[in-house]
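J.: Provide a 3D model corresponding to the input given below.
(2 chains)
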Amino acid sequence: MSNVRVLCVAEKPTIARQVSGVLSGGSFRTRNGKSKYNKNFEFTYNFGQWGYAQVVMTSVSGHLLLIDFPSNYGWDKVTPGRLFEAPITEVVPNDKKDIYNNIKQEARFATILMIWTDCDREGEYIGWEIVKAAQEGNPRIQIETSVFRSQFSHLERNHVIHAANNPISLNMKAVDAVACRQEIDLRVGLSFTRLLSRSLGSSRVIEPKTLISYGTCQFPTLGFIVDRYKRVKSFVPEQFWYIKVTLKKNDQMADFHWTRGNIFDRLFPTLVYSDLLARFPQGGKVQMSHPRPTSKWKPLPLTTVILQKDCSVYFKMSAKATLDAAEKLYQSGWLLYPRTETDVFPDAMDLHSLIQNQTQSPIWGSYALELLNDGKFDRPRAGKNNDQAHPPIHPVVFVSTDVLRDSNQRNVYEYVVRRFLASCSRDAKGEQTKATFEWGHEKFVAEGVMVKELNYLEVYKYQKWESSKQLPQFENGELIKPFKHGIFEGKTSPPQYMTEAELILLMDANGIGTDATIAEHITKIIDRQYVSKTKVGRGGPEVLVPSWLGMGLIDGFDSMEFDDISLSKPFLRKDLEVNLSMIVSGSKTKQDVLTEFVTLYKRAYATTNSKLPLLNDSCRRCRDLTTTQASTTTPAM
DNA sequence: GCAAGGTC
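T.: Reported below is the predicted structural model:
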C-alpha cells in the first residue's frame, strides 16, 4: 500500500456518497465527522498516476465562506457610499463552521486534495473555498502541486472513473469571475439598500426602519412586473376590420380567413369588399392541397426553469413551492438533482433502465412498457443548453404516488415522470390539409388538421392536440359562390398582468438570477412588499402586480437621469454576466471588470444620492394615489 | 436590518 492519501471533497453529501460507491466498488466505510450531514467515506482506489491510495471522500453544502464588511462599516457607522471602497473580509458563517472544521481536520494528513464540486463557475469557487479550509489544516497542500479537480457532469460509473483518473487543475479564472460577482453584488446591494431605507424612512414616505432593499437581481425582476403593469394600464384598444367568407359543400361549412389579416383602417377592406361583390358575384376558385404530414414535437428534456414554469401553469404552484417539493423528492432519492440548466441527456445515460423502473406504476407503467417492448422508444431531443454540471431532471426510481403524501410532491413527481417518458417517445403525428379560395384578387385560406398518432401525448396529459373540424371535400379549381361573407370588426385586446410563469422565463432569458435563485428573488420582492400576488377575476390566473412602493421605486429610478444605464432594467446585470464570461475566457481580468463596474455603480449611486427627492416624491405620489383611490372607489383589482 | 450565490 502506498502512502498517498487523497482527500476528495464534493459540493453536497449525496454526490460524495455516490462517487464513493463507484470508486470503491460499493465497499466504503462511513465515518462521522464534525458535521452531522457531511459524512466522511473511506476506501482505497487506484488512481493510476498515484497508484493505490487511501481515500477520504467528504463534502460541503454549497459555499463555505461569505464576504462581508468589517464591523466598523456597520449600518449607522459610515455613509453608505463608502461601501464602494471599504475593505472586504471573508468569514465562515456559523452554520458552516462544522463543515469547515471537518475539511480542516481531514486535510491534516492528506497528500492530495481532489475537488469534486459541480463543474460550473460557482463550483470552481467553492473548490477554492475548500482549498483555503484544507490549507488551514495542512499548509503542505499547495494549489500548484497537490490540488486537483475532477471533471464530471453526471454519475454514471465509467464517467466517474474517468473523472477520477484524469483530473485537471482548478480554474482560477472562473474563481476570479465569481469573486468579482460577489464583490460587486455586495458593494452595490448594501450601499443602495442603506441609502434607500434611510432616505424613504427619514422623509416619512415609509415607516422609519423599514427595509427597502436594492439588489442587482431584485430590481430588474421588479422592473419586469412594473413594466407589464403599466402597459396593461395604459393600453388603448384599437379597432380593426377584416373580411371573412364561409364556403359550404355537401352541407359541410368551412370558414376562410383573409390573407391580409386585420386592417386598422376601415376604408380599405370596405373598398375591397364592395369591389368583390360588384365584380365577382359569381364567387371564386378553390384549391385544395394534398394532406401533408405534420407533427407536434415532444418536449425537451427538463430544466429547472421549465419545471417551475410548468408547475406554475398546471398546478398553480409558486416557483419556490416547486423547487422545495423537487428538493424533497431529491433528498428522498426519487428524483435527480433538481437544479439544472441542461436540456440534453448525456450519450452514456442508460435511459432504458430508467424507463424500466417506471413500468411498475399502475398509472403509467403500461405506457413505459410499450416504450420498451413495442419499439416505441425514441431518443430524446437535444436542447442547446448544458451547464456541464447536471443532466436534465428525471426520475431515478419509481415511487407510488400514495407514498408521496404531500400533494405538491405528488404533482411534481408525476409531472417529472410523464415529462421524462414523453421525451423518450415519438412526436405526435398528424396530417394537415390547406384550402385556398381565390376571390377576385383576394386570397382566403382554411386549414384542417387530422391527428393520426398521439404517441407522447398519451402520457403527457398536460398538452392537448385535437383534430380540427375537417374541411369539406372541394374539387380542385372548383368555382364556388361564398355561402356567407362580410366585413367584421374586432378590437385589439390588452396584455395581461404578469404571471409567475412568464416572469420566470423573462428572468431566465435576461440572465437575472440562476436556476437555483430565480424563485428566491420573486419571493423576496413579495416579502419586501414591492409586489403582491392577486387573482384576476374569479378562477382566473394568479398574477403579480406592483404595490405603490414597487411602482414608486421603479418610477423614481426611471425619472433620474443616469448616463446610459438603468437601475431598474436587466441590461446592466446581463452586461455583468458577459464580462464575467470574459474573465473566464481570459480576455479581461477580474480587476478590469471590478474597476469598470464599481465605477459605474458608484456614479449611479452619486446620481441617486443627489436626486433622492425625486425618489421620495415618486413613492409618496404612488402611495397617496392608491390610498385616495382605495378610499373613494373600489381597488383597481 | 442589508446582495447573490451555493445547499440541508
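J.: give me every residue that touches the residue of the stretch 301-450 of chain A found nearest DNA strand B.
T.: Of the stretch 301-450 of chain A, the residue with the smallest distance to DNA strand B, taken as C-beta to the nearest atom of the strand, is A:Arg339 at 4.6 Å. C-betas here are computed from N, CA, C, even on glycine. Under the criterion of C-beta atoms under 8 Å, 6 or more residues apart in numbering, the contact list for A:Arg339 reads A:Thr304, A:Leu323, A:His390, A:Asp515, A:Ala516.
J.: Tell me which helix or strand the second one sits in.
T.: A:Leu323 is part of helix A:319-331, with elements assigned from DSSP states H and E.
J.: Just the buried residues of the very next helix or strand once past that helix, please?
T.: From helix A:319-331 onward toward the C-terminus, using DSSP H and E, the following helix or strand is helix A:351-357. Using 16 or more other C-beta atoms under 10 Å as the burial criterion, the residues of helix A:351-357 that qualify are A:Leu351, A:Leu354, A:Ile355, A:Asn357.
J.: tell me what whichever helix or strand comes after helix A:351-357 is packed against?
T.: Toward the C-terminus, helix A:351-357 is succeeded by helix A:365-373 as the next helix or strand (DSSP H and E). Packed against helix A:365-373 by the contact rule (3 or more C-beta pairs under 8 Å, 6 or more residues apart in numbering; DSSP states H and E) you find helix A:351-357, helix A:407-423.
J.: got a list of contacts for the shortest one?
T.: The one in question is helix A:351-357. The contact list for helix A:351-357, computed with C-beta under 8 Å, 6+ apart, reads A:345, A:368, A:371-372, A:377, A:379-380, A:394-398, A:420-421, A:424.
J.: mean confidence score for it?
T.: For helix A:351-357, the mean pLDDT works out to 96.
J.: confidence score at the residue of the stretch 301-450 of chain A closest to DNA strand B?
T.: A:Arg339 is assigned a predicted lDDT (pLDDT) of 93.
J.: Next one: it from A:Ala177, what distance?
T.: Taken as C-beta to C-beta, to the nearest Å, the spacing of A:Arg339 relative to A:Ala177 amounts to 19 Å.
J.: same thing with A:Glu500?
T.: Summarising the geometry, the distance separating A:Glu500 from A:Ala177, computed by C-beta to C-beta, is 30 Å.
J.: Could you do A:Phe148 as well?
T.: Between A:Phe148 and A:Ala177 the computed distance is 21 Å (C-beta to C-beta).
J.: Those two: which is more packed in?
T.: Between A:Phe148 and A:Ala177, counting by other C-beta atoms under 10 Å, A:Ala177 is the more crowded of the two (26 against 21).
J.: Can you tell me which of the helices and strands packed on helix A:365-373 is nearest to A:Glu42?
T.: Comparing those by their distance to A:Glu42 (C-beta to C-beta), the top pick is helix A:351-357, with 29.3 Å.
J.: Convert the closest one to PDB, retaining C-alpha atoms only.
T.: As requested, the backbone C-alpha atoms of helix A:351-357 are provided in PDB (Å, rounded to 0.1, in the frame of the first residue of the first chain):
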ATOM      1  CA  LEU A 351     -32.400   5.700 -20.400                       C
ATOM      2  CA  HIS A 352     -33.900   2.200 -20.900                       C
ATOM      3  CA  SER A 353     -33.400   1.200 -17.300                       C
ATOM      4  CA  LEU A 354     -34.800   4.500 -16.100                       C
ATOM      5  CA  ILE A 355     -37.900   3.700 -18.200                       C
ATOM      6  CA  GLN A 356     -37.900   0.100 -16.900                       C
ATOM      7  CA  ASN A 357     -38.200   1.500 -13.300                       C
END
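J.: how far is it from where the chain is centred?
T.: With C-alpha atoms, centre = their mean, to the nearest Å as the basis, the distance from the averaged C-alpha position of helix A:351-357 to the chain average is 27 Å.
J.: For the stretch 51-200 of chain A, give the residue positioned nearest to DNA strand B.
T.: Scanning the stretch 51-200 of chain A for proximity to DNA strand B using C-beta to the nearest atom of the strand identifies A:Gly189 as nearest, at 2.0 Å.
J.: In a strand, that residue, correct?
T.: No. With the criterion set as DSSP: H, G, I helix; E, B strand; the rest coil, the secondary structure at A:Gly189 is helix rather than a strand.
J.: got JSON lines for the contacts of A:Arg339, with pLDDT, neighbour count and distance to DNA strand B too?
T.: What follows is the contacts of A:Arg339, written out as JSON lines (pLDDT from 0 to 100; neighbours: other C-beta atoms under 10 Å; distance: C-beta to the nearest atom of the strand, whole Å):
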{"residue": "A:Thr304", "pLDDT": "97", "neighbour count": "28", "distance to DNA strand B": "10"}
{"residue": "A:Leu323", "pLDDT": "96", "neighbour count": "24", "distance to DNA strand B": "8"}
{"residue": "A:His390", "pLDDT": "90", "neighbour count": "23", "distance to DNA strand B": "8"}
{"residue": "A:Asp515", "pLDDT": "92", "neighbour count": "22", "distance to DNA strand B": "7"}
{"residue": "A:Ala516", "pLDDT": "92", "neighbour count": "14", "distance to DNA strand B": "3"}
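J.: Now those in JSON lines, please, with extra columns for secondary structure.
T.: Output for the contacts of A:Arg339, formatted as JSON lines (three-state DSSP):
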{"residue": "A:Thr304", "secondary structure": "helix"}
{"residue": "A:Leu323", "secondary structure": "helix"}
{"residue": "A:His390", "secondary structure": "coil"}
{"residue": "A:Asp515", "secondary structure": "coil"}
{"residue": "A:Ala516", "secondary structure": "coil"}
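J.: Could you identify the most distant pair in those?
T.: Checked with C-beta to C-beta, the contacts of A:Arg339 reach their widest spread between A:Leu323 and A:His390, with 14.2 Å between them.
J.: Tell me the buried residues in the helix holding A:Leu323?
T.: A:Ala319, A:Lys320, A:Ala321, A:Thr322, A:Leu323, A:Asp324, A:Ala325, A:Ala326, A:Glu327, A:Lys328, A:Leu329, A:Tyr330.
J.: Closest one to A:Ile554 out of those, please.
T.: Nearest to A:Ile554 among those is A:Ala319, at 21.1 Å by C-beta to C-beta.
J.: I'd like to know how far the closest one sits from A:Ala422.
T.: Going from A:Ala319 to A:Ala422 by C-beta to C-beta gives 22 Å.
J.: can you check A:Val397 too?
T.: A:Val397 is 19 Å from A:Ala422, where distance means C-beta to C-beta.
J.: now swap in A:Asn101 and tell me
T.: Using C-beta to C-beta, we find A:Asn101 at a distance of 47 Å from A:Ala422.
J.: Could you identify the helix or strand that succeeds the helix or strand hosting A:Met57?
T.: Assigned by DSSP H and E, A:Met57 belongs to strand A:52-59. Proceeding C-terminally, strand A:52-59 gives way to strand A:66-68 as the next helix or strand, assigned by DSSP H and E.
J.: re earlier: list the contacts of the residue of the stretch 51-200 of chain A closest to DNA strand B.
T.: For A:Gly189, the contacting residues are A:Ser213, A:Tyr214, A:Gly215, A:Thr216, taking C-beta under 8 Å, 6+ apart as the criterion.
J.: switch the cut-off to 7 Å
T.: Applying C-beta atoms under 7 Å, 6 or more residues apart in numbering to A:Gly189 gives the contacts A:Tyr214, A:Gly215, A:Thr216.
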